[in-house]
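Peer 1: My questions are about this predicted structure, shown below with the sequence.
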Amino acid sequence: MDVLLRGSSARSAMLRIPAPATPGDAAEQLGLATPQFQDVELAPVVFRTNAAKTADGKAARRELLVSATAVEVLTGLQNFASAADLFASAFGILVDDALLAIISATELEAGGQVCGYRLTLRETAATAVLQ
Amino acid sequence: MQHAKDTFYITLRDRIAALNPARTVLVRGVSRPAVLVEENELPSVYEQPQVFRLNWTDLAIDPRNDQPLATMRCEIRYATAGNSSNGGMDRGRLLAAMDAELSAAINAAPQRATKINYAASGATAMQTNIFWNCVVFNAAETKDEQIQRVATVEVFSYQEAGEL
């Protein structure tokens, strides 16, 4: 999968992850304190700009194909139980300074093994204003 | 109004935690009572089952008193797919348990609490109370493998001088 992605104009993107919550901190639960965020690199990935789907009045959706190798490394480094937990906890994906929200993450399988992930992304309000 | 919303959330959270300490949710790696205010969480926090999710919707302010009376509607959403070990066949029972917990937490006397300013350094008691009426349960709905319900409660609060 990595070879396939590298041969398909692979690039990198950043996964924006919030820091773990503070146990028993009411300020976070009340929206008074915001978590710190860290951006970690995802590579190789293929950002499918030509796959944008736009319905009337709705933000454009895009796809990101991610190598399973990169996801496995990140999942281990960040102490997540699974790739699903990693993507569910992430705040979004930064592509060229544009923040895109993750709508879904689908496993790509080949030969019975997970070789990559297809992330469906949605442009956030901040992204729409920038464009 | 924000202090009233904060006070109602903390009161409900603590009452649910006292009624059923096992009802917890994992948010950003930390376990806490399964009561969330949606507007206070990251937009990316996906909907987990068996969690009470609070949404503040309608707002009305009666300015006729010295202290205007704010009436706020709180929608509480919750859903369950049952236990997978039971094939989800106990989802009705789990929803009924959540109904009972919510009813006990909100309808229990006293249906009031001292309004607290959590924004100050250290929680500070204010001069008035918040109070609320009994919870109203809407019809349960089935969505995919989950059964879900929205309950509503109206929360009242007097606006103190200088309060936002």
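Peer 2: Ah, there it is.

Peer 1: and the residue of chain A nearest chain B?
Peer 2: Relative to chain B, the nearest point of chain A is A:G31 (3.5 Å; C-beta to the nearest C-beta). C-beta: built from backbone N, CA, C; applies to glycine.

Peer 1: gap between that residue and A:G112?
Peer 2: 44 Å (C-beta to C-beta, to the nearest Å).

Peer 1: the more surrounded of those two?
Peer 2: Neighbours were counted for A:G31 and for A:G112 using other C-beta atoms under 10 Å in any protein chain shown; A:G31 has more, 14 against 5.

Peer 1: Report the spatially nearest residue to the more buried one, omitting neighbours in sequence.
Peer 2: Distances taken as C-beta to C-beta, 6 or more residues apart in numbering or on different chains place B:N40 nearest to A:G31, at 3.5 Å, with adjacent residues excluded.

Peer 1: Run through the residues that contact the residue of chain A closest to chain B.
Peer 2: B:37, B:39-41 (C-beta atoms under 8 Å, 6 or more residues apart in numbering or on different chains).

Peer 1: can I get those in CSV with secondary structure, neighbour count and pLDDT?
Peer 2: Converted to CSV, the contacts of A:G31 look like this (DSSP: H, G, I helix; E, B strand; the rest coil; neighbours: other C-beta atoms under 10 Å in any protein chain shown; pLDDT from 0 to 100):
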residue, secondary structure, neighbour count, pLDDT
B:V37, strand, 21, 94
B:E39, helix, 11, 92
B:N40, helix, 17, 91
B:E41, coil, 15, 88
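
Peer 1: Dump these to TSV, plus distance to B:G92.
Peer 2: Formatted as TSV, these follow (distance: C-beta to C-beta, whole Å):
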residue	distance to B:G92
B:V37	27
B:E39	30
B:N40	30
B:E41	28
